[in-house]
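**Q** Output the structure for:
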Amino acid sequence: MHIQMPLESNVFSTVGDLPLHPLVVHFAVVLLPLAALVLLLAAFIPAVRRRFLGLAVIVAFVGVVATFVSKESGEALAGVVGEPETHAQWADWLMVVSAIFFGMAALWLFLSKRADTGERNPQTHRGPGRGAATVVGFITALLSVAVIVLSVLTGHSGAQAAWGGTMGASATSATSSQNSDDDEGEESGQESDEGAEGAAAGDAASATSTTASGETYSLATVQEHSTESDCWAAVDNNVYDLTDWVAQHPGGQRAITQLCGTDATDAFAGQHGNNDEAKAALSEHQIGTLQN
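**A** As a prediction, the model looks like this:
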């Protein structure tokens, strides 16, 4: 029996068969910092303010909407693949600060327009002067810096959650493969001295042994099953046959195939954390334990 965990069906979950989050998150991490950078320059360069303040406010609005959709779609995706806590915390802060940022930018635009009108028609127009607009512009500039920093932290933590464990697993796999090759070379030398029968018996005892809890496998044995059609992985000292799960994984096949033949403990923890559904799905594929 294999447990499949589809994305919950709601407006923020999928577009067609694809998760919505990775599609919209790029709008947020590009548009918000872009708007923040322009508004930061506008606070100190009058020519930039006159030409681009209105456009920057529009871009900021689109960025805030994209941030909201990214946050909601990320929470929908987290229900399937687990929630990266650090990434989620930075995203929460970015949502709040970006909303305030847009509100102050819109107010700055309004006050600037009013001040411009007052300067052109001082006899007929009364309202907030240039000083009020300048103060709001300065506050917007400070918020711009905060938005840029939070955008970087949110994007970086998201990239770490998506790729950090994978890259670590790949490095572990490469190192383990090299060690395995070295071990095989040493064993070949021993075979010439001890004889083929003795070496084969030693390899069999090292690779697989029977315990009270089931089969025990060495990491070298796990590494032999490193393809999409024959995919084993070790997680928390347990060994899993993920061959059937490759095509079923809600996050895509690549997320599993990159872990085939490796100790994927760090990758699984980085992606799923303490997600009980992910752990339950993984447990269905356990075939034994990892030899210490």
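**Q** Could I get the full set of strands for the stretch 1-150 of the chain?
**A** Using DSSP state E, counting those that start in this stretch, the strands of the stretch 1-150 of the chain run over 14-15, 18-19.
**Q** any idea which of the ones you listed scores lowest on pLDDT?
**A** Mean pLDDT values for those show the minimum at strand 14-15, a mean of 66.
**Q** helices and strands of the chain: which one has the lowest mean pLDDT?
**A** Within the chain, no helix or strand scores below strand 208-211, which has a mean of 40 by mean pLDDT, DSSP states H and E.
**Q** Follow the chain on from that strand and name the next helix or strand.
**A** Downstream of strand 208-211, the next assigned helix or strand under DSSP states H and E is strand 214-217.
**Q** who does that following strand pair up with?
**A** Using DSSP bridges, strand 214-217 pairs in its sheet with strand 208-211 (antiparallel), strand 286-290 (parallel).
**Q** Next, the buried residues of that strand.
**A** Judged by neighbour count using 16 or more other CB atoms under 10 Å, the buried positions of strand 214-217 are 216-217. C-beta: built from backbone N, CA, C; applies to glycine.
**Q** Send over the very next helix or strand once past it as CSV, restricted to the C-alpha atoms.
**A** The helix or strand immediately downstream of strand 214-217 is helix 219-223, counting by DSSP H and E. Taking Å, rounded to 0.1, in the frame of the first residue of the first chain, the C-alpha atoms of helix 219-223 are listed here in CSV:
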residue,chain,number,x,y,z
LEU,A,219,25.5,2.1,2.8
ALA,A,220,27.5,0.5,0.0
THR,A,221,24.5,-1.8,-0.7
VAL,A,222,22.2,1.2,-0.7
GLN,A,223,24.5,3.0,-3.2
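**Q** for helix 219-223, packing partners?
**A** helix 165-194, helix 196-207, strand 230-235, strand 262-263 (3 or more CB pairs under 8 Å, 6 or more residues apart in numbering; DSSP states H and E).
**Q** 10 Å instead, please
**A** helix 165-194, helix 196-207, strand 230-235, strand 238-241, strand 262-263, strand 286-290 (3 or more CB pairs under 10 Å, 6 or more residues apart in numbering; DSSP states H and E).
**Q** any idea which helix or strand comes after that helix?
**A** strand 226-227.
**Q** Number of residues surrounding the nearest residue to residue 136 once chain neighbours are set aside?
**A** Nearest residue to residue 136, sequence neighbours excluded (CB to CB, 6 or more residues apart in numbering): residue 108, at 4.5 Å. Neighbourhood size, residue 108 [other CB atoms under 10 Å]: 27.
**Q** right, and residue 108 touches residue 140 too?
**A** Yes. The pair residue 108 and residue 140 qualifies as a contact (CB atoms under 10 Å) at a distance of 5.1 Å.
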